[in-house]
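Student: Sequence and predicted structure, then a few things I'm wondering about:
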Amino acid sequence: MASIDSVLQEHRVFPPSAETIARAAISGMAAYEALCKEAETDYAGYWARLAREHLLWKKPFTQSLDESNAPFYKWFEDGTLNVSFNCLDRNLENGNADKVALIFEADDGKVTRTTYRELHSLVCKFANGLKSRGIKKGDRVIIYMPMSVEGVAAMQACARIGATHSVVFGGFSAKSVQERVVDAGATAVITADEQCRGGKNIALKAVVDEAIAMGGCEAIHSVVVYKRTGNAIGMSAGRDVWLHDLLEGQSATCEPEWVGAEHPLFLLYTSGSTGKPKGVQHSSAGYLLHAILTNKWTFDLKPEDVYWCTADIGWVTGHTYIAYGPLACGATQIVFEGVPTYPDAGRFWRVIQDQKVSVFYTAPTAIRSLIKAAETTATAHPRNYDLTSLRLLGTVGEPINPEAWMWYYEQIGGSRCPVMDTFWQTETGGHVITPLPGVTPLVPGSCTLPFPGIAAAVVDESGHDVEWGKGGFLVIKRPWPSMIRTIWGDPERYRNSYFPGDLGGKLYLAGDGAVRDAKTGYFTIMGRIDDVLNVSGHRMGTMEIESALVSCTELVAEAAVVGRPDDLTGEAICAFVVLKGPRPTGDAAKAIVKKLQDWVAKEIGPIAKPKDIRFGDNLPKTRSGKIMRRLLRSLAKGEEITQDVSTLENPAILEQLKQSV
Ligand code: 6R9
C-alpha cells in the first residue's frame, strides 16, 4: 500500500513550538511521562483522581475500577451524577451563563447564537416535555435529527432525565431506523420535519413514519417533531407532537435525574464484521470523563476558543466532540448544518474566517476533497480566506496520508498550528492514541502516542507484544473509563468481538492493524483487519452491504463486497454480483447497476452505495465453496492476478469480473 509505505518513510518531524508548550494544559514531554507513570503505578487511583477533579458528583464514588466481572468492567460505580448537569448547570455557576455555547450556522448561512443560560433553559423545557409524555429514566429514545441546536438539546434532555438515547444519522434509511428502534426497544423518537443540506430539503419525519409502518415499532408512543422547514408532513394524532407545542408552558428548570456512574448514557449503532450493526453501549461518568479530558488535553480548549468539530451528531465524534465534551468544558462551538461544498467549496474556510474559529476538527476525506476543489476552482482555495484565527487542527476517522496532512498543516494551519491526528473508535468513547499539542513532536501520517493512561499496544495472533517496527493487531491492555460497556442485548457478541479467546480474552481488540516506529514507538494505523470498510470515514460492514444486495431477491442471486483504495474517500465499495437472469452487458448492465445502487441506498443509506458493481456468471470460489475475497480485492484494484488460482473451482469467471460496467 503506497500510503503506508510513505508513512513508514516519513522523516519530517514537527516539534511543538515554545508558545504552544507554554499555553498547553499538558506542557512538555516530562509532564506527559509523569502522567503515564502515575497511571502505571496506580492505575485505578490515577483515573479516580481525574474523575474527582473533572466531574461534578452528586454522591462521590468510593471505588474506581471494578474488574470482578471482566470484560464487563465498571468504573466509579457507587457514585451518582448527571451528565447534563455537568455540561450545563456547571456553566451557570462558574460565570459562563451568558457566554455563547452554540453558534449555529444553517445550510443557507443564517447564524444564530445560544448562550449557556438559553441552552440550559431549552434543555430543561425539553426534558420536562419528554417527562410529560411519560418518558423516564432507562427508556430508550431514538434521535433522528439534523445538525441543529435542537438536536444537541434533544441529547442533553435525554441525559437530564436519564433516558438512554440512540442517535441515528439523518442519512440512514427507514429500514435502518426501524432496525434500531426494534433492537433498542425504543419507546419514543425525536425527529424533524426535514433537514437542509446543500440547498436541498431532505425528509426526516416521513422516513420515521415509513420505519414505524414496517412493523415491530408498536412500543413507540411518542414522536416529537422539530419544525425545521415547515413543509407539509403527516402528523399522527395522539402519537406525534410538535416540539414547539411540547415546550409550550414547560418550566425552564428541571431537577436532573441523578443516575449511577454506569447508567447507559447512549447507544450508538456501528458496523462490525458480521451481522447487523451493533448497539455500542456507553456509560455516564467514565464516558464523560474522557470527553472532558480529551477536549482539555488534546485540543487544549481554553475559555477564549471558538471550537468547531465538523462531524454530525449521528456519529460518535458528534457525541464526544459536540454534544458533550465541549459543553462540559464551557466552550463556544460551531454547530454546522450544511455541507463543505455548498454554496461552494470555500464554505469551511469562510466559516472559520467569519466566526474566528481557533480549534478545527475534521476528517481526512473532507480535507482530500477540499484539496481537489482548491486545485480546480481558484475561489475555493483557502488562500482567499483569513485563517489566522486558527491555532490547532485535528483529524479523525481514517488514516490521513502524509500529503493531505502537509496540505492541512501548511495551507489551513499556516505552518503554525499543530495537527492532532486522533485515533479512536465508537467503542473507545474518545481519543485513545493521539498527539498532545504541548508535548508530541508530530510526524505526518502517525497518530503518535497513547493518551496518558491508555495501555495501547501492538500484538501478534497469540496476544504477545510484537517488536517495534513490526506490524500486528492494535489492542488496549487495560480497561479504561470511556470504553464500550457491552453490545446492547448481546453481551456474548461484545465478549467475542472485543476480547477474543485467541488473544487470551483480556485484551481489547480494536480491529485495526498497527505498527510502532522502530525508534520512537509512534503508532501508525494500517486499516481494519476485519471485513469493515472505511468509506469517507464512515464504518460499513461488507456483510451488511452484501445482505442488502441479496435482499433484492427479484434480481440478485449472490453478492460479495470488498473495499478498494480510493484517493478521495479512502476506500470505495466494490460489489461483485451474480444475477438471477443472464449476465447483462452495455446499457442493460448500466441500468441494473443504477437499480442496485438505489436499492442499497434505500436499504441502508446513500453512503453505502457501491461505487463499482460488476457482474459475473459466478463468484470465484474454492472447491469447498468459500468466496476468495483476496482475489476480489485484487480484481477491484485492477491488479494482475498473480495469486495461485489452482484451488479455484471456476477460474474462467475472473475474466468477466475484471470488467467494470
Ligand atoms: C472516531 C471514529 C473507527 C475506525 C477505526 C479506524 C478508523 C479512526 C483514525 C482511524 C487511522 C485515525 N480511524 N480514526 N484510522 N487514523 N486517526 O472514527 O469512530 O466510526 O467507530 O471508526 O476508524 O479504522 O477502527 P468509528
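Tutor: On my side now, so go ahead.
Student: Going by C-alpha atoms from here, please, whenever you check contacts or count neighbours.
Tutor: Fine.
Student: what bits of the stretch 451-600 of the chain have low per-residue confidence?
Tutor: In the prediction, the stretch 451-600 of the chain carries no residues with pLDDT under 70.
Student: let's go with 90 and repeat that
Tutor: Low-confidence segments of the stretch 451-600 of the chain, defined by pLDDT under 90: 526-531, 537, 539-541, 543-544, 547, 553, 557-558.
Student: and it, which of its residues are near the ligand?
Tutor: Counting by Cα under 6 Å from any ligand atom, the stretch 451-600 of the chain comes close to the ligand at 511, 512, 525, 527, 528, 538, 539.
Student: so of the residues you listed, which ones are in strands?
Tutor: Assigned to strands by DSSP state E, the following of those qualify: 511, 512, 525, 527, 528, 538, 539.
Student: Redo these as a markdown table? Include distance to residue 472 and neighbour count.
Tutor: A markdown table is the format used below for those (distance: Cα to Cα, whole Å; neighbours: other Cα atoms under 10 Å):
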| residue | distance to residue 472 | neighbour count |
| --- | --- | --- |
| 511 | 11 | 20 |
| 512 | 9 | 17 |
| 525 | 10 | 25 |
| 527 | 11 | 16 |
| 528 | 11 | 18 |
| 538 | 23 | 18 |
| 539 | 21 | 20 |
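Student: from these, which is closest to residue 146?
Tutor: Nearest to residue 146 among those is residue 538, at 17.4 Å by Cα to Cα.
Student: Quick check, the closest one in contact with residue 397.
Tutor: Yes - counting by Cα atoms under 8 Å, residue 397 is a contact partner of residue 538 at 7.3 Å.
Student: Report how many residues lie close to the residue lying closest to residue 380 once chain neighbours are set aside.
Tutor: For residue 380, ignoring the flanking residues on the chain, the nearest one in space by Cα to Cα, 6 or more residues apart in numbering is residue 346 at 4.3 Å. Close neighbours of residue 346, defined as other Cα atoms under 10 Å, add up to 23.
Student: Could I get the contacting residues of residue 346?
Tutor: Neighbouring residues of residue 346 by Cα atoms under 8 Å, 6 or more residues apart in numbering: 340, 379, 380, 381, 382.
Student: Report the spatially nearest residue to the second one, omitting neighbours in sequence.
Tutor: Of all residues not flanking residue 379 in the chain, residue 346 sits nearest, at 7.0 Å (Cα to Cα, 6+ apart).
Student: do the same with the fourth one
Tutor: Nearest-residue entry for residue 381: residue 374, 4.3 Å, with adjacent residues in sequence omitted and distances by Cα to Cα, 6+ apart.
Student: low pLDDT regions in the stretch 151-300 of the chain?
Tutor: Applying pLDDT under 90 to the stretch 151-300 of the chain picks out residues 271-276.
Student: can you pull out the helices in it?
Tutor: Secondary structure of the stretch 151-300 of the chain (DSSP state H, counting those that start in this stretch): helices at 174-184, 205-213, 243-247, 285-297.
Student: circling back: could you save the contacts of residue 346 as a markdown table and add columns showing secondary structure, distance to the ligand and pLDDT?
Tutor: Formatted as a markdown table, the contacts of residue 346 follow (DSSP: H, G, I helix; E, B strand; the rest coil; distance: Cα to the nearest ligand atom, whole Å; pLDDT from 0 to 100):
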| residue | secondary structure | distance to the ligand | pLDDT |
| --- | --- | --- | --- |
| 340 | coil | 18 | 94 |
| 379 | helix | 29 | 89 |
| 380 | helix | 26 | 92 |
| 381 | coil | 25 | 94 |
| 382 | helix | 23 | 97 |
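Student: Using TSV, lay out these together with neighbour count and distance to residue 586.
Tutor: Listed next are those as TSV, based on neighbours: other Cα atoms under 10 Å; distance: Cα to Cα, whole Å:
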residue	neighbour count	distance to residue 586
340	21	35
379	15	39
380	23	37
381	20	39
382	20	42
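Student: Tell me which two of the residues you listed sit farthest apart.
Tutor: Greatest spatial distance in the contacts of residue 346: 340 and 379, 13.9 Å, computed using Cα to Cα.
Student: how about the residues of the chain near the ligand?
Tutor: With Cα under 6 Å from any ligand atom as the criterion, the chain meets the ligand at residues 317, 396-399, 421-426, 447, 511-512, 525, 527-528, 538-539.
Student: can you do 5 Å?
Tutor: Residues of the chain lying close to the ligand by Cα under 5 Å from any ligand atom are 396, 397, 398, 399, 421, 422, 423, 424, 425, 426.
Student: Which of those fall within strands?
Tutor: With strands taken from DSSP E, the overlap with these comprises residue 421.
Student: Now neighbour count and pLDDT too, for the residues of the chain next to the ligand, in TSV please.
Tutor: TSV is the format used below for the residues of the chain next to the ligand (neighbours: other Cα atoms under 10 Å; pLDDT from 0 to 100):
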residue	neighbour count	pLDDT
396	23	96
397	22	93
398	26	90
399	26	88
421	32	98
422	28	98
423	26	98
424	20	98
425	20	97
426	21	97
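Student: hey, where'd the strands end up in the stretch 451-600 of the chain?
Tutor: Using DSSP state E, counting those that start in this stretch, the strands found in the stretch 451-600 of the chain span residues 456-459, 471-476, 486-487, 508-516, 523-528, 532-535, 538-541, 556-566, 570-579.
Student: from the chain's centre, how far out does the fourth one sit?
Tutor: To tie it back to what came earlier, the one meant is strand 508-516. 17 Å (Cα atoms, centre = their mean, to the nearest Å).
Student: which residue does the stretch 551-661 of the chain bring closest to the ligand?
Tutor: Going by Cα to the nearest ligand atom, the ligand is nearest to residue 570 of the stretch 551-661 of the chain, at 10.3 Å.
Student: Which residues are in contact with that residue?
Tutor: By Cα under 8 Å, 6+ apart, the contact list for residue 570 reads 365, 398, 534, 535, 536, 537.
Student: What residues are bridge-paired with the closest residue to residue 446 other than its chain neighbours?
Tutor: Spatial nearest neighbour of residue 446, chain neighbours left out: residue 524 (4.8 Å); criterion: Cα to Cα, 6+ apart. Per DSSP bridges, the residues bridged to residue 524 are residue 515.
Student: My guess is residue 524 contacts residue 512. True?
Tutor: No - using Cα under 8 Å, residue 524 makes no contact with residue 512, being 10.3 Å away.
Student: I figured residue 295 hits residue 329, correct?
Tutor: Yes - at 7.5 Å, residue 295 and residue 329 qualify as touching, with contact defined as Cα under 8 Å.
Student: Find residues that contact each of the two.
Tutor: Common contact partners of residue 295 and residue 329 (Cα under 8 Å, 6+ apart): residue 301.
Student: tell me the contacts of the residue lying closest to residue 105 once chain neighbours are set aside?
Tutor: Nearest non-adjacent residue to residue 105, counting by Cα to Cα, 6+ apart: residue 111, 4.6 Å away. Listed by Cα under 8 Å, 6+ apart, the contact set of residue 111 reads 103, 104, 105.
Student: Could you export these as a markdown table, including pLDDT and secondary structure?
Tutor: Output for the contacts of residue 111, formatted as a markdown table (pLDDT from 0 to 100; DSSP: H, G, I helix; E, B strand; the rest coil):
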| residue | pLDDT | secondary structure |
| --- | --- | --- |
| 103 | 98 | strand |
| 104 | 98 | strand |
| 105 | 98 | strand |
